[in-house]
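Asks: below are the sequence and a predicted model for it; my questions follow.
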Amino acid sequence: MKKILVLVVALILTVGIEAQQSPGKNHSKLNISCKTCHTCDVPTKDEPCLVACPRENIVTVYQKPEETPELIVIDQLSDRYESVHFSHKIHAQMSVMSGGCENCHHFNTSGPILKCNSCHETSRQRDDVSLPDLKGAYHRQCMDCHREWSHETGCNSCHTLKKNLTDTKRDNDKKKYTGKDHPPILEPAHISYQTNTDKGKLVTFYHDDHTKKFGISCVSCHKQENCTKCHDVNRESNDKLKTVSTKKTFEEQHKNCISCHKEDNCSSCHSSTKLEPFDHAKKTGWALSKYHINLSCAKCHGSKLPYKKVNKNCSSCHQGWNAETFKHSVTGLQLDEIHLELGCEDCHAENNFAKKPGCDGCHEDFNYPKQKPGKVVGK
Amino acid sequence: MSGKSRRDFLKKSALIGAGVAGFSTTTSKAAPKNILSEDRMGVLVDTTACVGCRNCEWACKDAHGLPAGNLESYEDRKILETKRRPDHTALTVVNEYPHGKNSNLPIDLKVQCMHCDHPACVSACIVGAFSKQENGSVIWDTDMCIGCRYCMAACPFQIPAFEYDKALNPLIMKCDFCFERTKEGKLPACVSICPVEALTYGPRTELIKIARSRIKRNPARYVDHIFGEYEVGGTSWMYLASKDFKELDFPNLGKNPAPGVSESIQHGIFAYFVPPVSLYALLGGIMWITKRRKELEEEGKI
Ligand code: SF4
Ligand code: SF4
Ligand code: SF4
């Protein structure tokens, strides 16, 4: 989703071009293997030898859901029913966790977004029946989710009979989605998994920690989320999480965790009791100060997972710090004038800031922290 | 359709009666029209696409002049809680089964005549009312039908139904592949209405290719089996599913055509379907006729 090409410009440039099968003039220069779309080695304009649709995984034009059209009126097929007002943006926002744009735009080229009817014919009576017709294609896209959460297949949930349509209804349909976004997604603080292992039946997953503290994006785990995970007419309340049992294999079940927790053993997550949330001090022996607590993990540990270990020495991160530039007060202790003149090593032997500083270089029977070289200001 | 009158058949039936009773006289029966055209049409039912809206049920009734009610009344999904069979009031029905591979959605399955390439009903019909047409449909001539119900016993899919509730002139009823509509260049009514095009109408050979490519492209979605490609020698209607067809109450049939009535009774019984006891009583006679017909065919007498 991060990769956003300048689609809007592309769209403006191509307005008026009929049923754009064209992937754009310079598409051969794009960083895509030719074999993604062409079966032969030398495709030409007359013989493009295209891979049959749907060509999953080849949408190369991405937009942020917020930048997509808010409302799309689907009216090519309306006879018995009035046109459908499809809240595209809200659906795009939901799709972030369930397959992204490709879920619906499964057949696309490196060029502009194609309309469904570029491939799906409007008539059911046609020669090439290998793809569903337009009516079938639309309904397949919508109904799989809609019937899953609504548990019904009635036409009226999306369609209004022409005879029942009033001007007010039409206006309301249009207004309903204007300026609307998908509401923010509710995140659980933690989830308890009852597992079937003998040792450590309980896995307490601190969802909060992973998203807020570790900054892991939703889609790195929730790639193909089923819409019913949130939407179900039979669901009592959105805040109450359902208990669900899964029949996933060992690999499937651990897939999301293992990508980071490669070096951990079972007991890091499995326990007979509820585990505590992540605590930097307990886990590493180094409490995060008021400065460090605001940093994302990657700032110190690098963005590559699993995180690289950092030693407690300040200089392992703060390489630019020296006696001139360093403000000692950030440690909670403001040095008095005399001590300000000293070099770091005079108190911190071998520049090891993790160890207790020593006073014996100058003072015979002084001892830190009983005696302090300045004023405690607090962190 | 054929212009043979029922009166002709009374004569023939008399002979048949004599045949059954006396085990000696030959039966006189017109050879049924049984065409297996290269370009015969078919329907591929993709049960992974079907949403169970039952619009096809409505359209079928509507196209055949059966009481259909209004389309909205088909939205009630309660009816899917019990398994139904096509009958004389509904030539096609949709049943629902628990979900299959990779989906939480139930499997919805439309049932109707399979329009067999080697139809047992055609072979079994003693008056030659049944025929396999060039476009793949297996139809019957109501004027010729004497209501003997041999086709019902012969069909490996338990399809032909009988108007038991009619005192006068009860007739056989089943899906006719919308013969009258396709003759006019229209699509079968159910194919035409299906919102998701779970029913693809096209040349049978083409449909097999399409089915293959769907399975190949999406092996997680389908079991690797096109039901009807080979079953009972092939059928015009074929199915794709996400679950073993046995779990969807499809009979476990071999690849050989099953024109013999006896075989169909042995193998073609749906899990929840108990054939009327009276049919068993008929069985003896039917078996004999089939056997006799085969013998006659071998002797070149028919
Ligand atoms: S109309 Fe189509 S989707 Fe609806 S039940 Fe019939 S086959 Fe299934
Ligand atoms: S399914 Fe039964 S009724 Fe239909 S063609 Fe085959 S044998 Fe005949
Ligand atoms: S083909 Fe025609 S007769 Fe057969 S089920 Fe469909 S609508 Fe009914």
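Replies: Arrived safely. Numbers count the residues shown, from 1 in each chain, chains lettered A, B, ... in the order given. Ligands and ions are numbered 1, 2, ... in the order given.

Asks: lowest average confidence, helix or strand, in chain A?
Replies: helix A:7-14 (a mean of 32; mean pLDDT, DSSP states H and E).

Asks: go ahead and confirm residue A:199 touches residue A:270.
Replies: Yes: contact criterion Cβ atoms under 8 Å: residue A:199 and residue A:270 qualify, at 6.5 Å. To be clear about C-beta, it is placed using only N, CA and C from the backbone, and glycine gets the same treatment.

Asks: got any residues that touch both of the two?
Replies: Applying Cβ atoms under 8 Å, 6 or more residues apart in numbering or on different chains, one finds that no residue jointly contacts residue A:199 and residue A:270.

Asks: tell me which of the two has more neighbours.
Replies: residue A:270 (18 against 10; other Cβ atoms under 10 Å in any protein chain shown).

Asks: which residues in the stretch 151-300 of chain B form helices?
Replies: Counting by DSSP state H, counting those that start in this stretch, the stretch 151-300 of chain B has helices at residues B:179-183, B:189-193, B:204-217, B:261-267, B:277-299.

Asks: looking at those, which has the lowest confidence?
Replies: Here those differ in mean pLDDT, and the lowest is helix B:261-267 at a mean of 37.

Asks: run a quick neighbour tally on the residue nearest to residue A:143 when sequence neighbours are not counted.
Replies: Excluding the flanking residues, the one nearest residue A:143 by Cβ to Cβ, 6 or more residues apart in numbering or on different chains is residue B:51, at 5.0 Å. Residue B:51: 22 surrounding residues under other Cβ under 10 Å.

Asks: how about the contacts made by residue B:51?
Replies: Counting by Cβ under 8 Å, 6+ apart, residue B:51 touches A:139, A:143, A:144, A:147, A:153, B:108, B:195, B:196, B:198.

Asks: let me see the backbone angles for residue B:96.
Replies: Main-chain torsions, residue B:96, degrees, to the nearest 10: phi -120, psi 140.

Asks: that one and residue B:111 touch, don't they?
Replies: No: counting by Cβ under 8 Å, residue B:96 does not reach residue B:111; the two are 11.4 Å apart.

Asks: still on that earlier bit, what's the distance between the residue nearest to residue A:143 and residue A:155?
Replies: Going from residue B:51 to residue A:155 by Cβ to Cβ, to the nearest Å gives 11 Å.

Asks: what residues of stretch A:139-156 count as buried?
Replies: A:139-150, A:152-155 (16 or more other Cβ atoms under 10 Å in any protein chain shown).

Asks: same question, stretch A:70-90
Replies: Neighbour counts using 16+ other Cβ under 10 Å place A:71, A:72, A:81, A:82, A:83, A:84, A:85, A:86, A:87, A:88, A:89, A:90 of stretch A:70-90 among the buried residues.

Asks: in helices, which of the residues you listed appear?
Replies: A:88, A:89, A:90 (DSSP state H).

Asks: and the residues you listed as a markdown table, adding pLDDT and distance to ligand 3?
Replies: Output for these, formatted as a markdown table (pLDDT from 0 to 100; distance: Cβ to the nearest ligand atom, whole Å):
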| residue | pLDDT | distance to ligand 3 |
| --- | --- | --- |
| A:88 | 92 | 35 |
| A:89 | 93 | 39 |
| A:90 | 92 | 37 |
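
Asks: in a markdown table, list those along with distance to residue B:91.
Replies: Converted to a markdown table, these look like this (distance: Cβ to Cβ, whole Å):
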| residue | distance to residue B:91 |
| --- | --- |
| A:88 | 40 |
| A:89 | 44 |
| A:90 | 42 |
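
Asks: which one of those sits closest to residue A:134?
Replies: Checking these against residue A:134 by Cβ to Cβ gives residue A:88 as the nearest, at 17.1 Å.

Asks: residue A:263 versus that closest one, what's the distance?
Replies: Residue A:88 is 43 Å from residue A:263, by Cβ to Cβ.

Asks: residue A:89 too?
Replies: In this structure, residue A:89 and residue A:263 are 42 Å apart, going by Cβ to Cβ.

Asks: please apply the same query to residue B:68.
Replies: 66 Å.

Asks: so for those two, which residue has more residues nearby?
Replies: A direct count of neighbours by other Cβ under 10 Å for residue B:68 and residue A:263 places residue B:68 higher, at 18 against 7.

Asks: now do the contacts for the more buried one.
Replies: B:58, B:61, B:62.

Asks: of the residues you listed, which is the most crowded?
Replies: Counting neighbours by other Cβ under 10 Å, residue B:58 leads those with 21 neighbours.

Asks: that one: which element?
Replies: Using DSSP states H and E, residue B:58 falls within helix B:55-63.

Asks: next, see if that helix gets close to ligand 3.
Replies: Yes: using Cβ under 6 Å from any ligand atom, helix B:55-63 comes into contact with ligand 3 via B:59, B:60, B:63.

Asks: what residue ranges in chain B score low on pLDDT?
Replies: Confidence mapping of chain B against pLDDT under 70 gives the ranges B:1-32, B:101-102, B:258-302.

Asks: residue numbers of it in contact with ligand 2?
Replies: Within chain B, the residues that sit near ligand 2 (Cβ under 6 Å from any ligand atom) are B:113-116, B:119-121, B:138, B:155, B:157, B:159-160, B:174.

Asks: how about a markdown table for those, with distance to ligand 1 and neighbour count added?
Replies: Below are those laid out as a markdown table (distance: Cβ to the nearest ligand atom, whole Å; neighbours: other Cβ atoms under 10 Å in any protein chain shown):
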| residue | distance to ligand 1 | neighbour count |
| --- | --- | --- |
| B:113 | 15 | 24 |
| B:114 | 15 | 26 |
| B:115 | 16 | 28 |
| B:116 | 20 | 28 |
| B:119 | 23 | 30 |
| B:120 | 25 | 29 |
| B:121 | 23 | 30 |
| B:138 | 20 | 29 |
| B:155 | 21 | 25 |
| B:157 | 17 | 27 |
| B:159 | 17 | 28 |
| B:160 | 21 | 27 |
| B:174 | 17 | 26 |
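
Asks: how about those residues in a markdown table, adding distance to chain A?
Replies: Shown next, in a markdown table, are the residues of chain B next to ligand 2 (distance: Cβ to the nearest Cβ, whole Å):
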| residue | distance to chain A |
| --- | --- |
| B:113 | 21 |
| B:114 | 19 |
| B:115 | 17 |
| B:116 | 22 |
| B:119 | 24 |
| B:120 | 28 |
| B:121 | 27 |
| B:138 | 22 |
| B:155 | 28 |
| B:157 | 24 |
| B:159 | 25 |
| B:160 | 28 |
| B:174 | 24 |
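
Asks: which one of the residues of helix B:55-63 next to ligand 3 is nearest ligand 1?
Replies: Using Cβ to the nearest ligand atom, residue B:59 comes nearest to ligand 1 of the residues of helix B:55-63 next to ligand 3, at 7.5 Å.
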